[in-house]
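[1] Curious how this folds, go ahead:
(chains A and B)
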Amino acid sequence: AQSVTQLGSHVSVSEGALVLLRCNYSSSVPPYLFWYVQYPNQGLQLLLKYTSAATLVKGINGFEAEFKKSETSFHLTKPSAHMSDAAEYFCAVDAGNMLTFGGGTRLMVKP
Amino acid sequence: DTAVSQTPKYLVTQMGNDKSIKCEQNLGHDTMYWYKQDSKKFLKIMFSYNNKELIINETVPNRFSPKSPDKAHLNLHINSLELGDSAVYFCASSQEMGAYEQYFGPGTRLTVT
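    All right, here's what the predicted structure looks like:
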């Protein structure tokens, strides 16, 4: 069985500050890991994915995530937050042709 | 051109009714999905179709029945709607199953009164 835990259902940062969204997973097989973003009233959009190549994965809009097997983590970071980054972020794991999502983290960006 | 489209965008109906949500993708993908997102934003897969065949059917009540007339379409029919069915339903598609990006539709907000 696989599962995903996102620590912090809400994260608030100031514009220009570091963004750190946490994701831990459990999987009985080597996983594929994803981060998706959902803007208000829209569907999900892929930010980045890890598929067992480089452990540091770069995505769109300046986001990146690092796969740490020893910590079973795949945290999402961005050096400098923009107002446009305010959205819901979902971490997901695929370890058997089925995507399992975490509970989501709402990112709020203060001016 | 919209990659994954759903109709309708909003659906308000009464308990006991039957309704359908339509989904179409123009990406040439082999795999399509239905997800349910509840009021707390929790996303859960309901169905997955690969080349018009059902692959995954999570613990979904049999009041929900997916229909795939061709690879580009995956419709969701819901019988005898209940209050707990109120949610946002997302259709998605991917090139194949596995570590492929899933492209999501804009969602259908279903409200059962």
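
[2] Any regions of chain B where pLDDT drops low?
    Flagging of chain B using pLDDT under 70 yields the residue ranges B:1.

[3] residue in it nearest to chain A?
    Ranked by CB to the nearest CB, the top residue of chain B for proximity to chain A is residue B:104, at 3.3 Å. Bear in mind the C-beta positions are built from the backbone N, C-alpha and C, glycine included.

[4] need the contact list for residue 44.
    Let's take chain A. Taking CB atoms under 8 Å, 6 or more residues apart in numbering or on different chains as the criterion, residue A:44 is in contact with A:36, A:37, A:38, A:90, B:43, B:90, B:92, B:102, B:104.

[5] try chain B instead
    Shown in contact with residue B:44 (CB under 8 Å, 6+ apart): A:101, B:35, B:36, B:37, B:38, B:58.

[6] So what sits opposite it in the bridge?
    residue B:36 (DSSP bridges).

[7] do the same with residue B:25
    So, taking DSSP bridges as the rule, residue B:25 has residue B:4 as bridge partners.

[8] For chain A, which residues are neighbours of chain B?
    Applying CB under 8 Å from any CB of the partner chain, we find that chain A lies next to chain B at A:32, A:36, A:38, A:41-46, A:49, A:51, A:88, A:90, A:94, A:97-101, A:103-104, A:106.

[9] Buried members of the residues you listed into PyMOL, please.
    This is how PyMOL selects the buried members of these, with burial counted by 16 or more other CB atoms under 10 Å in any protein chain shown:
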select buried, chain A and resi 32+36+38+43+44+45+46+49+51+88+90+94+98+99+100+101+103+104+106
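
[10] got the residue ranges for the strands in the chain?
    You didn't pick a chain, so chain A it is. Counting by DSSP state E, chain A has these strands, from start to end: A:3-5, A:10-14, A:19-21, A:24-26, A:32-38, A:44-50, A:56-58, A:64-68, A:73-78, A:87-94, A:99-101, A:105-110.

[11] right idea, wrong chain: chain B
    Going by DSSP E, chain B shows strands at B:4-7, B:10-13, B:19-25, B:31-37, B:43-50, B:53-57, B:64-70, B:73-78, B:87-94, B:103-104, B:108-112.
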